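Colleague: coordinates for the following, if possible.
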Amino acid sequence: MKKLLFISAVSLLSCNRNAPTAHPSVGGVLSQKDLDVSKERMKNLNTIERGQIQDWITGQSVKYYPTQLNYWVTVEGFDQRTRRADDTPISYSYDLYDFDETRIYDKPFERRDARFGHFDELKAVENALRFMHDGEEVTLLVPSSLAYGTFGDEKNIDNDIPLIIKLKAL
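Modeller: Modelled structure (predicted):
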């Protein structure tokens, strides 16, 4: 038993000593090599997620259309519409779902009189709201890079999770 414990302890101490760190220490700076590795990882992940989302779309009865910002929406020509200007107020709400169509939070996220250019929101949500009409509802299919990315939301959403967002302009 002592021999097994000793071997386990030695193997734990020796494993991954030279493995690159994913994030710098507090106050640290990533090297150019680390930045390149991260960029390549996100590029590969985005390619994989786009393929998975396309596969998911083919099994749906609703038609989804790609946008220039790299997400899909239920309205054709969506990001060709007139774009709302910065400082324009908008009220909105949205629900988040995973691709099993399970609702992630019980209550929708809601904001009243938010102003474009001053959002603290997901990139895809802010971008979509710029093209929505008042009272309109759309569904967005969003890769993780435009959702909560590498870190998740540190609550219910893990890292690298693409989302379905049901968005309403109130």
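Colleague: just give the number of residues close to the nearest residue to Asp160 once chain neighbours are set aside.
Modeller: Among residues not flanking Asp160 along the chain, Ser144 sits closest, at 4.7 Å (CB to CB, 6 or more residues apart in numbering). All C-beta spots, glycine's among them, are computed from the backbone N, C-alpha and C. Applying other CB atoms under 10 Å, we find 20 residues neighbouring Ser144.
Colleague: same thing with Gly149?
Modeller: Neighbour count of Gly149, defined by other CB under 10 Å: 18.
Colleague: one more: Tyr65?
Modeller: So Tyr65, with other CB under 10 Å, has 13 neighbours.
Colleague: correct me, but it touches Tyr71?
Modeller: No - with contact defined as CB atoms under 8 Å, Tyr65 does not reach Tyr71; the gap is 10.1 Å.
Colleague: where do the helices sit along this protein?
Modeller: According to DSSP state H, the chain carries its helices in the segments 2-14, 32-58, 123-131.
Colleague: possible to save those helices as JSON lines with mean pLDDT and mean neighbour count?
Modeller: JSON lines is the format used below for the helices of the chain (pLDDT from 0 to 100; neighbours: other CB atoms under 10 Å):
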{"stretch": "helix 2-14", "mean pLDDT": "41", "mean neighbour count": "9"}
{"stretch": "helix 32-58", "mean pLDDT": "88", "mean neighbour count": "13"}
{"stretch": "helix 123-131", "mean pLDDT": "94", "mean neighbour count": "21"}
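Colleague: who touches the residue nearest to Glu137 when sequence neighbours are not counted in this structure?
Modeller: Excluding the flanking residues, the one nearest Glu137 by CB to CB, 6+ apart is Lys168, at 4.8 Å. By CB atoms under 8 Å, 6 or more residues apart in numbering, Lys168 lies in contact with 92-94, 136-137.
Colleague: distance from stretch 30-48 to the middle of the chain?
Modeller: 16 Å (CA atoms, centre = their mean, to the nearest Å).
Colleague: got the CA coordinates for it in CSV?
Modeller: C-alpha atoms of stretch 30-48 as CSV (Å, rounded to 0.1, in the frame of the first residue of the first chain):
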residue,chain,number,x,y,z
LEU,A,30,1.2,36.3,-22.6
SER,A,31,4.0,35.9,-25.0
GLN,A,32,3.5,36.2,-28.8
LYS,A,33,3.7,32.4,-29.0
ASP,A,34,1.0,32.0,-26.4
LEU,A,35,-1.2,34.5,-28.2
ASP,A,36,-0.7,32.7,-31.5
VAL,A,37,-1.6,29.3,-29.8
SER,A,38,-4.7,30.9,-28.4
LYS,A,39,-5.7,32.5,-31.7
GLU,A,40,-5.3,29.2,-33.5
ARG,A,41,-7.3,27.3,-30.8
MET,A,42,-10.2,29.8,-31.2
LYS,A,43,-10.0,29.6,-35.0
ASN,A,44,-10.2,25.8,-34.9
LEU,A,45,-13.0,25.8,-32.2
ASN,A,46,-15.0,28.3,-34.3
THR,A,47,-14.7,26.0,-37.4
ILE,A,48,-15.8,23.0,-35.4
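Colleague: I am finished for the moment; much appreciated.
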